[in-house]
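Peer 1: structure of the sequence below:
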Amino acid sequence: MSIEQHNPPHPGEFLLSVYIEPFKLVPNKIAKEHLKVSPSTFHRLLKQQSDVTPEMALKLSRVFGRSPESWLLMQDNYNLSRAKKEICLDKYQPIAFGC
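Peer 2: Got it, this is the predicted structure:
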């Protein structure tokens, strides 16, 4: 049984609210010294302008904790929630399997 979140957060929003803001972390320093990515790459993630990739999930896992799978799942939940709001499935019919 899965539990569906009403408005799952984007990983960037989560990073800001759980780590960056409460601990007064400097995003440029996190990007360069800890994640080994350009500051613009990390800023795009924080601004919800880019998605967590498998490579970034591994880096976030090492730097902030949580499993890489949890970072990817957070991204997938966010993407699916957005798609459900944008896509109307009324014209799609299920396949009738059986005899």
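
Peer 1: buried stuff in the longest helix seen in the chain?
Peer 2: Across the chain, the longest stretch assigned as helix under DSSP state H is helix 68-86. Within helix 68-86, the residues that count as buried by 16 or more other C-beta atoms under 10 Å are 68, 71-75, 77-78, 81. Yep, even glycine has a C-beta here, placed from its N, CA and C like the rest.

Peer 1: closest to L25 among these?
Peer 2: W71 (16.9 Å; C-beta to C-beta).

Peer 1: run a quick neighbour tally on the residue nearest to that closest one when sequence neighbours are not counted.
Peer 2: Counting by C-beta to C-beta, 6 or more residues apart in numbering, the nearest residue to W71 once its immediate chain neighbours are dropped is A57, at 4.0 Å. For A57, the neighbour count with other C-beta atoms under 10 Å is 21.

Peer 1: isn't A57 up against D76?
Peer 2: No: contact criterion C-beta atoms under 8 Å: A57 and D76 do not qualify, at 10.7 Å.

Peer 1: so what's the residue nearest to the spatial centre of the chain scoring on pLDDT?
Peer 2: In the chain, the centroid-proximal residue (C-alpha atoms, centre = their mean) is Q75; its distance is 2.9 Å. Confidence at Q75, expressed as pLDDT, is 98.

Peer 1: swap in C99?
Peer 2: pLDDT, C99: 69.

Peer 1: do the same with I3
Peer 2: 57.

Peer 1: save the buried residues of helix 68-86 as JSON lines, and put in distance to F23 too.
Peer 2: Below are those laid out as JSON lines (distance: C-beta to C-beta, whole Å):
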{"residue": "P68", "distance to F23": "21"}
{"residue": "W71", "distance to F23": "18"}
{"residue": "L72", "distance to F23": "23"}
{"residue": "L73", "distance to F23": "23"}
{"residue": "M74", "distance to F23": "19"}
{"residue": "Q75", "distance to F23": "22"}
{"residue": "N77", "distance to F23": "24"}
{"residue": "Y78", "distance to F23": "23"}
{"residue": "S81", "distance to F23": "27"}
